[in-house]
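# Structure of the sequence below:
(one chain, ligands or ions: 2)
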Amino acid sequence: MGGSFNPIHNGHLVAAQEAHCKFNLERIIFVPAYHNPYKTGEKYERELASTFHRFTMIELATSSNPDFYVSSFEIDRQTPSYALDTLKHFHEEFGEGTSLYFITGTDAVMTMPHWQGVEEFHKYCEVIAVTRPSYIPQYEEFLGKVAHLGLKVYFVTIPALEISSSDVRDRVRRGMPIRYLTPTSVAIYIEKHGLYQEQE
Ligand code: ATP
Ligand code: MG
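Numbers count the residues shown, from 1 in each chain. Ligands and ions are numbered 1, 2, ... in the order given. Got it, this is the predicted structure:
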């Protein structure tokens, strides 16, 4: 499961848990992006916590789940992250006998036809698109756009959690509580390190 995880929140965790259960997956690997090439702008840069903090928050959030892992593959490379490179990496690491599923939100999946190297994805993975409550996907339009890619995409509805990292950051800035939106350990970590407090 890829993302900025700036910070990780319960929406990510519920989505991962749902995919884990519905597809009978052995493990979920959270892969924080070093830098998302599709997210740009001064505000994004300013608000992006360090790779160290984002990685650590995922460790804290997943420490009680033996099936949830974090990979530093993308952040270690220190270059913009393209999913195809990451897929190739895991394909090599786990070998032919392992099926990989690329888990991501439906909002992100909709932009997939424009991703670099997407025409090769079908060699390495199938896609699990988890729905977000605020986003109503245009399935027909999307399936039309990806039909030629030979890629299997499954849509999974998850229990609705209207949470986003943007909202968590915004709440921190406004002094609003984030406990129960993100694990307590993460909420405490954010406070302890003064993350996301910068004023506009
Ligand atoms: P931001 O608000 O900064 O964009 P985000 O909450 O969307 O952050 P990302 O790190 O961008 O978090 O998310 C990684 C993936 O998890 C994305 O594909 C996103 O669609 C999905 N996701 C995020 N929040 C939820 C949620 N509440 N329910 C389901 N999927 C989610
Ligand atoms: Mg997002």
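# what's the closest non-adjacent residue to the residue in the chain positioned nearest to ligand 1?
Of all residues in the chain, the one sitting closest to ligand 1 is Gly105 (1.7 Å; Cβ to the nearest ligand atom). To be clear about C-beta, it is placed using only N, CA and C from the backbone, and glycine gets the same treatment. Spatial nearest neighbour of Gly105, chain neighbours left out: Arg132 (5.3 Å); criterion: Cβ to Cβ, 6 or more residues apart in numbering.
# Hmm, Ser71 is touching Ile29, no?
Yes: between Ser71 and Ile29 there is a contact at 5.1 Å, judged by Cβ atoms under 8 Å.
# which helices and strands does the helix or strand of the chain with the lowest mean pLDDT pack with?
The helix or strand of the chain with the lowest confidence, counting by mean pLDDT, DSSP states H and E, is helix 139-146 at a mean of 78. Judged by 3 or more Cβ pairs under 8 Å, 6 or more residues apart in numbering; DSSP states H and E, helix 139-146 is in contact with strand 153-156.
# Run through who's touching the strand it packs on.
Contacting residues not belonging to strand 153-156 are listed as 18-19, 22-23, 106, 109, 126-131, 137, 139, 142-143, 146 [Cβ atoms under 8 Å, 6 or more residues apart in numbering].
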